[in-house]
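Participant: Have a look at this fold, sequence not included:
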């Protein structure tokens, strides 16, 4: 099985030293050590330039040296990206080019002149103008989520590689189901991973997965051990994403759909792929972007020969990070601290620019105060809780009510899911994966007793990740057919 695995390493530029220390100890160092110990490993990493500098600042020179050596040995490839994790579709072309070039310069500094050939757009956020931009900057391929392949999952043909229409840029698509299987910790052993890989491969020739590196050890304690088991598994032929073109020469032209790796088909159809960073119904988002534009205009007015120009530009680069927009979305992500940090960076940049007019400074201060006071008010009054509930209101209806409550063939849907969970519970127990068996046992209890509305991640979503889509649909159809076979002909027995 040919497998190209991609790990994304990122921390905000203001990450607290104690949190960074924990992430390094729990995730970064174990992952790097695992790669070093297994010479079979070939892996693609994205490490934003800002994280390289953060690791250097706090003395993690061993991590930096190990990464450099692995790159020089050809066992790890590093992708290009935006240095401060700006969301590229929402900033100007000039700022996008600057962020990408800054990132490449930082990689060259820490990796001995290394120039990346692949490109990772932050959040896998794709938009058409990205293509000529990254191609002009010398990149040969980009990585996107599979939802960008036709606007729906399950469309990727991995007997070939793809090329973006009217360009020479290759595009590789992340397998969403398998990536989510690993990230959600539903798969926690070598055996279950191999089984899932075989199911997912089917007639496929290769698989590309992509996930946050912090998943292993930090967000999911113990999951790094499974990663090490994977590294030692002879069933897999590990490749970098850039290796794939050596094996698959046939190229199919494609026009990718605008999306991120979190987008759904509905998001694409509604044209709200970037809602978490720019929601037209979110006044804080509107003020954040108006504030950003106000500061940018003042930055552009500053003479490039001014003694403060480089310092001003450096502050502006940091202020364009996507984090504070994302944490202001409240659907469901929310952090007063990150919202304030982003607003403060913009105000601090504005104040640092020489000879800014008083009315501009007053506007900047007003934006800062409106953003912060509104954010506090939303939290104080419960608006945030309401927004989160509205975003997830479908999950507030018990699955039993959404199926059995509707009557008709939907009754079969409920029983199909219960049967699938019983099967997974039994398989987990037989393998000795008791944590997994308990997960499905508890999930059944919650569904039957309408307690699933309290789960952060609904058991139905987990099951759809665990079982291939076609198997889920087959089970549902089987139970629907059974319902139609046994139902009577009286009007009161007809489904709604």
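Facilitator: Done, it's in. The structure displayed is predicted, hence computed values, not measured ones.

Participant: contacts and neighbour counts: CA atoms only from here.
Facilitator: Fine.

Participant: Give the residue spans of the stretch 101-250 of the chain that score low on pLDDT.
Facilitator: 185-190, 199-204 (pLDDT under 70).

Participant: Do you have the strands of it handy? List them.
Facilitator: 118-119, 141-145, 161-164, 170-174, 206-212, 237-239 (DSSP state E, counting those that start in this stretch).

Participant: Nearest approach to residue 368 belongs to which of those strands?
Facilitator: strand 206-212 (31.4 Å; Cα to Cα).

Participant: on that earlier part again, I'd like to know which of the strands of the stretch 101-250 of the chain is closest to residue 182.
Facilitator: Nearest to residue 182, of all the strands of the stretch 101-250 of the chain, is strand 206-212, at 8.6 Å by Cα to Cα.

Participant: Next, the buried residues of that closest one.
Facilitator: For strand 206-212, the neighbour count (16 or more other Cα atoms under 10 Å) marks 206, 207, 208, 209, 210, 211, 212 as buried.

Participant: now do stretch 330-349
Facilitator: Buried-residue list, stretch 330-349, by 16+ other Cα under 10 Å: 330-332, 334-335, 338-349.

Participant: Out of the buried residues of strand 206-212, the closest to residue 246 would be?
Facilitator: Out of the buried residues of strand 206-212, the member with the shortest distance to residue 246 (by Cα to Cα) is residue 206, at 12.4 Å.

Participant: my guess is that closest one meets residue 158, correct?
Facilitator: Yes - counting by Cα atoms under 8 Å, residue 206 touches residue 158, with 5.9 Å between them.

Participant: Show me which of the buried residues of strand 206-212 is closest to residue 5.
Facilitator: When the buried residues of strand 206-212 are compared against residue 5 (criterion: Cα to Cα), the nearest one is residue 209, at 5.0 Å.

Participant: hmm, back to that, what would the buried residues of strand 206-212 look like in CSV with distance to residue 48?
Facilitator: Shown next, in CSV, are the buried residues of strand 206-212 (distance: Cα to Cα, whole Å):
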residue, distance to residue 48
206, 27
207, 24
208, 20
209, 19
210, 15
211, 15
212, 12
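
Participant: State the phi and psi torsions of the closest residue to residue 9 other than its chain neighbours.
Facilitator: Leaving aside its chain neighbours, residue 9 sits nearest to residue 47 (5.0 Å; criterion: Cα to Cα, 6 or more residues apart in numbering). Main-chain torsions, residue 47, degrees, to the nearest 10: phi -130, psi 110.

Participant: got the contact list for residue 47?
Facilitator: Neighbour list for residue 47: 8, 9, 10, 78, 79 [criterion: Cα atoms under 8 Å, 6 or more residues apart in numbering].

Participant: what's the closest of those residues to residue 439?
Facilitator: residue 8 (27.9 Å).

Participant: residue contacts, that closest one?
Facilitator: By Cα under 8 Å, 6+ apart, the neighbours of residue 8 are 45, 46, 47, 210, 211, 212, 213.

Participant: again, 10 Å this time
Facilitator: 44-48, 78-79, 120, 122-123, 210-215 (Cα atoms under 10 Å, 6 or more residues apart in numbering).

Participant: got the domain boundaries for the protein?
Facilitator: What automatic domain parsing lists as the domains of the chain is 2-270, 283-391, 394-493.

Participant: Turn those into a markdown table, including distance to residue 276.
Facilitator: Below are the domains of the chain laid out as a markdown table (distance: least, Cα to Cα, whole Å):
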| stretch | distance to residue 276 |
| --- | --- |
| domain 2-270 | 10 |
| domain 283-391 | 5 |
| domain 394-493 | 18 |
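
Participant: thinking again about what came up before, so of the contacts of residue 47, which ones are in strands?
Facilitator: Mapping the contacts of residue 47 onto strands (DSSP state E) picks out 8, 9, 78.

Participant: Now render those as CSV, adding pLDDT and distance to residue 198.
Facilitator: Shown next, in CSV, are the ones in strands among the contacts of residue 47 (pLDDT from 0 to 100; distance: Cα to Cα, whole Å):
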residue, pLDDT, distance to residue 198
8, 97, 24
9, 97, 28
78, 98, 28
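
Participant: and of the residues you listed, the nearest to residue 152?
Facilitator: residue 8 (22.9 Å).

Participant: Show me what the closest one is bridged to.
Facilitator: Under DSSP bridges, the beta-bridge partners of residue 8 are residue 46, residue 212.

Participant: Report the separation between it and residue 137.
Facilitator: Remark: distance between residue 8 and residue 137 (Cα to Cα, to the nearest Å) = 21 Å.

Participant: ditto for residue 331
Facilitator: From residue 331 to residue 137 the distance is 35 Å (Cα to Cα).

Participant: With residue 388 instead?
Facilitator: 40 Å.

Participant: more neighbours, the two?
Facilitator: It is residue 388, of residue 388 and residue 137, that has more neighbours when counted by other Cα atoms under 10 Å, with 16 against 13.

Participant: just checking, what packs against the host helix or strand of that one?
Facilitator: Secondary structure from DSSP states H and E places residue 388 in helix 383-391. With contacts defined as 3 or more Cα pairs under 10 Å, 6 or more residues apart in numbering; DSSP states H and E, helix 383-391 has these neighbours: helix 358-381.
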